[in-house]
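1. Generate coordinates for the sequence data below:
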Amino acid sequence: MTILVTRPSPAAEELVSRLRGLGQVAWSMPLIEFTPGRDLDDLPQQLASLAAGDLLFILSQHAIHFAQPVIRQHGVTWPASLNYYAIGRSTALVMHTATGYQVEYPRQRESSEILVQLPALMHVAGKRALILRGNGGRELLAETLTERGAEVTFCECYQRCAKFYDGHTEGRRWRERGIDTLVVTSGEMLQQLYLLFPEIDREEWLLHCRLVVVSERLATLARESGWQEITVADGADNDALLRALQ
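-> A predicted model of the protein is given here:
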């Protein structure tokens, strides 16, 4: 098994290092990178507008990494009176480290579908919900909370930017290195990976690789694109990906 990890830095390099430590052959090719979001300067005011018992959602560790310096710069603190929710365990731990508060998260899988099933989120009528996220992204969480009577606002804390690679060069490189397993952690990256390489590389190599993804939704997208051997990890963090790859 020779593995190509496409998730962003530094998580990609960390996973590759752990895999190599276990004797696996692994490389990284991060497909996206992150820059500050357009709404960061509004975050302190958005937090101040929330009342006790309102909801704060963190959909990525990257949201916290970009938000925390802004919080410090403005001399404010994360409100203790809010109910904090994260998309998964790793994000919850990072938010807990930043705030010291309890952060709820779904225990099964890291997805919006599972998050909205938490019992406490079934009764949110009349509450405000602030969602910290990147540019774009899925709307399932916001739509579900709105349907249940919550008032939802967003704070774009970071932007995802595609990294440029020459598909002909990269196709030749990874085929020569014998890549037969791909790690992909978002639909955006899955599409980017599919479109990066010339058609002959897709048909002769890419679609024949084993694909490790982080949700059933991604697995469905992968099947629709032509992949056949797909493994769904039990989470989106490196620990879960490592388990799926062993």
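
2. What would whichever strand in the chain runs longest look like as CSV? C-alpha coordinates only.
-> Longest strand of the chain, by residue count under DSSP state E: strand 151-162. The C-alpha trace of strand 151-162 is given here as CSV (Å, rounded to 0.1, in the frame of the first residue of the first chain):
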residue,chain,number,x,y,z
GLU,A,151,-32.3,32.6,14.2
VAL,A,152,-29.0,31.7,12.4
THR,A,153,-26.1,33.9,11.5
PHE,A,154,-22.7,33.0,10.1
CYS,A,155,-19.1,34.2,10.7
GLU,A,156,-16.7,33.3,7.9
CYS,A,157,-13.5,32.8,9.9
TYR,A,158,-11.4,31.4,7.1
GLN,A,159,-11.4,30.8,3.3
ARG,A,160,-10.4,27.7,1.5
CYS,A,161,-8.2,28.3,-1.5
ALA,A,162,-7.3,25.7,-4.0
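
3. Can you get me the start-to-end distance on stretch 164-184?
-> By CA to CA, to the nearest Å, the extent of stretch 164-184 from end to end equals 17 Å.

4. separation between Leu118 and Thr231?
-> 26 Å (CB to CB, to the nearest Å). Yep, even glycine has a C-beta here, placed from its N, CA and C like the rest.

5. Contacts only, for Leu241.
-> By CB atoms under 8 Å, 6 or more residues apart in numbering, the contact list for Leu241 reads Leu15, Val183, Thr185, Val212, Val214, Ala233, Gly235.

6. after whichever strand or helix holds Gln191, next one along is what?
-> In this structure, Gln191 sits in helix 187-196 according to DSSP states H and E. Scanning forward in sequence from helix 187-196 by DSSP H and E, the next helix or strand is helix 199-204.

7. List the contacts of that next one.
-> Gly167, Gly171, Arg175, Tyr194, Gly226.

8. Just to be sure, Thr231 is in a strand?
-> Yes - counting by DSSP: H, G, I helix; E, B strand; the rest coil, Thr231 is part of a strand.

9. what lines up beside the helix or strand where Tyr84 lies in the sheet?
-> For Tyr84, the element it lies in under DSSP H and E is strand 83-86. Strand pairing for strand 83-86, using DSSP bridges, gives strand 55-58 (parallel), strand 103-104 (parallel).

10. Pick the one among the contacts of helix 199-204 closest to Ser112.
-> Among the contacts of helix 199-204, Tyr194 lies closest to Ser112 (CB to CB), at 22.9 Å.

11. which residues touch that closest one?
-> Tyr194 neighbours (CB under 8 Å, 6+ apart): Arg202, Leu206, Ser225.

12. Let's see that with 7 Å instead.
-> Under the criterion of CB atoms under 7 Å, 6 or more residues apart in numbering, the contact partners of Tyr194 comprise Arg202, Ser225.

13. Let me have the contacts of helix 199-204 in JSON lines, adding distance to Arg107 as columns.
-> Below are these laid out as JSON lines (distance: CB to CB, whole Å):
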{"residue": "Gly167", "distance to Arg107": "39"}
{"residue": "Gly171", "distance to Arg107": "39"}
{"residue": "Arg175", "distance to Arg107": "40"}
{"residue": "Tyr194", "distance to Arg107": "32"}
{"residue": "Gly226", "distance to Arg107": "33"}
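
14. Make JSON lines from those residues and add secondary structure, pLDDT and distance to Ser9 to it.
-> JSON lines is the format used below for the contacts of helix 199-204 (DSSP: H, G, I helix; E, B strand; the rest coil; pLDDT from 0 to 100; distance: CB to CB, whole Å):
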{"residue": "Gly167", "secondary structure": "helix", "pLDDT": "96", "distance to Ser9": "20"}
{"residue": "Gly171", "secondary structure": "helix", "pLDDT": "96", "distance to Ser9": "21"}
{"residue": "Arg175", "secondary structure": "helix", "pLDDT": "96", "distance to Ser9": "23"}
{"residue": "Tyr194", "secondary structure": "helix", "pLDDT": "96", "distance to Ser9": "21"}
{"residue": "Gly226", "secondary structure": "coil", "pLDDT": "96", "distance to Ser9": "28"}
